[in-house]
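Engineer: could you work out the structure for the sequence below:
(2 chains)
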There are 2 protein chains.
Amino acid sequence: MQLEPEAIDALLSRWPVARLVTLGADGSPAPVPIVFARSGAALFSPIDGKPKRGTELARERNLRADARVALLLDHYDDDWERLWWLRVDGRATLVPASAHPQALDALRAKYPQYTRVPLTSGEPRLLRIEIERVSSWRASDRAGI
Amino acid sequence: MQLEPEAIDALLSRWPVARLVTLGADGSPAPVPIVFARSGAALFSPIDGKPKRGTELARERNLRADARVALLLDHYDDDWERLWWLRVDGRATLVPASAHPQALDALRAKYPQYTRVPLTSGEPRLLRIEIERVSSWRASDRAGI
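Structural biologist: Presented below is the predicted three-dimensional model:
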């Protein structure tokens, strides 16, 4: 059972977290949780000021070699009738934040946390994810969307 | 900042949900949420009786061509000081459930839902994930583990 188009639209606009998968140099999958916001037809995720493990993020290095990504939004619940997931397949590129002021506005509007956490660090950049395909599943009409 | 070894051990035993990433025929990443349990040194996920979209799961088809997988456990919180993630890189194979009675016991012990949902469907099989590498990140000492 798939999600309704209205639910997909609402989740892509409002769901707070997604798992982004890029591909490592050897083609192995590299998943990481991200925040994101929709602006126009694309999804944007900041290379933001949250404390990270390294200077250059693996996702940046990976995307320079292979732009293919998958994004997974989902809900876990002890009541398995309420499970759902939403998957986006697409391509991601790093873009200068200054070229996407509406995406910055969308991120700030969605995440009040960015009043305290820097939205960008170093050279301000955003990950721009172009949606190529959306697929979904829900366990029942009672899915916890 | 990484997770403490004790936290990693507890999360691999007790966290209820993970996102499994396999690789599609063209090498693109295919993420899906799974339930799992630890038994011995491996993680096991059932090809279970929850209603699915198709007869053969994409993860089964993918794993026959490329056994490499990544597994992501994470916690999202509006308080970003509480964020963490735990990533497992490994290899997965489909194994007959009958060869892993302890894994079936571990799944039933972890998920009381399996008193109502069939733990396996059709030919009983489990996904066996061999852990090759664990990496982690947490935003602060206050990570919500």
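
Engineer: next one: the lowest-mean-pLDDT helix or strand in chain A, is it in contact with chain B?
Structural biologist: Taking mean pLDDT, DSSP states H and E as the measure, the helix or strand of chain A with the lowest value is helix A:58-65, at a mean of 91. No. Judged by C-beta under 8 Å from any C-beta of the partner chain, helix A:58-65 makes no contact with chain B; its nearest approach is 9.6 Å. C-betas here are computed from N, CA, C, even on glycine.

Engineer: with stretch A:138-145 instead?
Structural biologist: Yes. Counting by C-beta under 8 Å from any C-beta, chain B is contacted by stretch A:138-145 at A:139-140.

Engineer: and for stretch A:5-20?
Structural biologist: Yes. Counting by C-beta under 8 Å from any C-beta, chain B has neighbours in stretch A:5-20: A:16-17, A:19.

Engineer: just the buried subset of those, please.
Structural biologist: A:17, A:19 (16 or more other C-beta atoms under 10 Å in any protein chain shown).

Engineer: any chance of the residues of stretch A:5-20 next to chain B in TSV, plus secondary structure and pLDDT?
Structural biologist: Formatted as TSV, the residues of stretch A:5-20 next to chain B follow (DSSP: H, G, I helix; E, B strand; the rest coil; pLDDT from 0 to 100):
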residue	secondary structure	pLDDT
A:P16	coil	97
A:V17	coil	97
A:R19	strand	98
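
Engineer: returning to what we had before: and the least confident helix or strand of chain A, which residues are buried?
Structural biologist: For helix A:58-65, by 16+ other C-beta under 10 Å, it's A:58-59, A:62-63.

Engineer: can you tell me which helices and strands it packs against?
Structural biologist: strand A:18-23, strand A:29-34, strand A:84-96 (3 or more C-beta pairs under 8 Å, 6 or more residues apart in numbering or on different chains; DSSP states H and E).

Engineer: now the element after it, going C-ward?
Structural biologist: strand A:68-75 (DSSP states H and E).

Engineer: could you list the paired strands of that next one along with their orientation?
Structural biologist: Here strand A:68-75 has these sheet partners by DSSP bridges: strand A:18-23 (antiparallel), strand A:84-96 (antiparallel).

Engineer: for the longest one, C-alpha coordinates in CSV please.
Structural biologist: Below are the C-alpha coordinates for strand A:84-96, written out as CSV (Å, rounded to 0.1, in the frame of the first residue of the first chain):
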residue,chain,number,x,y,z
TRP,A,84,5.3,3.9,6.6
TRP,A,85,8.3,5.0,4.6
LEU,A,86,8.9,7.4,1.7
ARG,A,87,11.9,7.1,-0.6
VAL,A,88,13.3,9.7,-3.0
ASP,A,89,15.8,8.8,-5.6
GLY,A,90,17.6,11.6,-7.2
ARG,A,91,20.9,13.5,-7.8
ALA,A,92,22.6,15.9,-5.5
THR,A,93,25.0,18.7,-6.1
LEU,A,94,26.7,21.2,-3.8
VAL,A,95,25.6,24.7,-4.6
PRO,A,96,26.5,28.1,-3.2
